[in-house]
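Engineer: Have a look at this prediction, sequence included:
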Amino acid sequence: MLNEVLMESSQTLARKQGLEHYLDKPDELNDMIFKLMLLQETIQIEQAQKMKLDAKTITARRTVHGKFVAACKGDEKYRYAVETALRTSTAIVAVFQRSRFIQTLRSMGLPEEKISEFCSTLVIDDDTHCIDPE
């Protein structure tokens, strides 16, 4: 039952975002996500170099905690290899939602020119780490 709900949710989300062709190609989707993350990081580094932080900079720091689980079933004699592969193939990703940022500022009554000003100087510094005790 839960798997059906999750699958329905992923299909609905994929259709909503125009990403239906990735539903049957998870490897291709992972590659695209990695490329987008790399591009985002490059853009952020370039922006950070252009804009040095000063006393007028407004910041929000978010602490990350919790867990991420990936699981599969199969022959027990390959447990170590599969666990190792699961660890090396997963990553924790922090996401900044620009549209949500803009919507929140609008809902709080900020003028459009001020919203544009904040958006044009926006820099995301992602210093999150996943620490694996093993």
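Structural biologist: On my side now, so go ahead.
Engineer: For Thr57, see how far away the residue nearest to Val93 when sequence neighbours are not counted is.
Structural biologist: Distances taken as CB to CB, 6 or more residues apart in numbering place Met37 nearest to Val93, at 6.9 Å, with adjacent residues excluded. Where you see a C-beta, it was placed from the backbone N, CA and C, and this is true even at glycine. Counting by CB to CB, to the nearest Å, the gap from Met37 to Thr57 is 24 Å.
Engineer: Name the residue in those two with the higher neighbour count.
Structural biologist: Neighbour count, other CB atoms under 10 Å: between Met37 and Thr57, Met37 has more, with 14 against 10.
Engineer: Could you give the backbone dihedrals for Glu41?
Structural biologist: phi -60, psi -40 (degrees, to the nearest 10).
Engineer: Tell me how far it lies from Ser116.
Structural biologist: In terms of CB to CB, Glu41 sits 24 Å off from Ser116.
Engineer: count of neighbours near Ala48?
Structural biologist: 13.
Engineer: Was I right to think it contacts Asp125?
Structural biologist: Yes - between Ala48 and Asp125 there is a contact under CB atoms under 8 Å: 6.8 Å.
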